[in-house]
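All I have is the shape, not the residue letters:
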C-alpha cells in the first residue's frame, strides 16, 4: 500500500488489501485455510514439508507463510525449506525442479493453485508421482484446479464477498455513511486427488 502514498493520480483512490496477520493472531480466513491444509496433510502422516511462498511484498503471501510456520511449530513438524515464488506456474515449476528430495520431503504446500500446477509439472518430469511420492496442495480453488492432473487439493476462499466488502468500504468513504461489513465465509478445504497418505 505504501507505493500509493506519494503518487498523485489526480483523483481519489481507495486501495483494499488483505491486512497483515502479525497482530491479528492468524485469524484471516486465508491464514486459517492454509492451517487446515497442514492439518489435513499431517493427518495423512506427512511430517516433512516444503512451502512454495508467494512474493514477500504481498500481505497475502506473508500471511500464508506465517500460517505455515505457525502450523509447523504447533504440530511439531519438520519444514525442509521455504521457496519464494511470484504466484505464477513458472515459479512453482522452478521450485519443483529444484525440490530437495534428499531431505525426504513428502508434502509441498504452495501458496496458490498456479504455483502448485508448476510444482506438479516439474515433479512429473523428474519421475516423481503426485500424490504417491509427494502430495501437493494449493490455495484459492481457481476453476481450473479441479481439472489439473491429478485434481488439486486446495482451499476455497470467498473472494466474491471480500470484493463486495471492499466496494462497500469505498462507498462508505465517498458518501460518509457507515455500512456494516459484508460477512465473509470461512475458508473451505477442498479435498481432491493430489494428496494421499504418506507411504
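Arrived safely, thanks for sending. Everything numeric here is computed off the predicted structure, so don't read it as measured data.

What strands flank the helix or strand hosting residue 109, and is each parallel or antiparallel?
Element membership of residue 109, judged by DSSP states H and E, is strand 107-110. Using DSSP bridges, the strands paired with strand 107-110 are strand 48-53 (parallel), strand 135-137 (parallel).

possible to save those as a markdown table with mean pLDDT?
Below are the strands paired with strand 107-110 laid out as a markdown table (pLDDT from 0 to 100):
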| stretch | mean pLDDT |
| --- | --- |
| strand 48-53 | 97 |
| strand 135-137 | 98 |
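
For residue 86, find the nearest of the ones you listed.
Ranking the strands paired with strand 107-110 by proximity to residue 86 (CB to CB) places strand 48-53 first, at 9.8 Å. Glycine gets a C-beta too; all of them are placed from N, C-alpha and C.

Specify the next element, helix or strand, located C-terminal of the strand holding residue 109.
Heading C-terminal from strand 107-110, the first helix or strand you meet, by DSSP H and E, is helix 113-125.

which intervals of the protein have sub-threshold pLDDT?
1-30, 158-173, 179, 181-184 (pLDDT under 70).

where along it do the helices fall?
Secondary structure of the chain by DSSP state H: the helices cover 29-43, 59-75, 89-97, 113-125, 159-175.

now the fourth one against helix 89-97, angle please.
Right, the one you point to is helix 113-125. 40 degrees (axes from the mean of the first three to the mean of the last three CA atoms, to 10 degrees).

what about the strand holding residue 109, distance to the chain center?
Relative to the centre of its chain, strand 107-110 is centred 10 Å away, using CA atoms, centre = their mean, to the nearest Å.

Next, the most centrally placed residue in the chain: phi, psi?
For the chain, the residue nearest the mean C-alpha position is residue 111 (2.9 Å; CA atoms, centre = their mean). When read as degrees, to the nearest 10, the backbone of residue 111 gives phi -80, psi -10.

Quick check: the gap between it and residue 142.
Remark: distance between residue 111 and residue 142 (CB to CB, to the nearest Å) = 13 Å.
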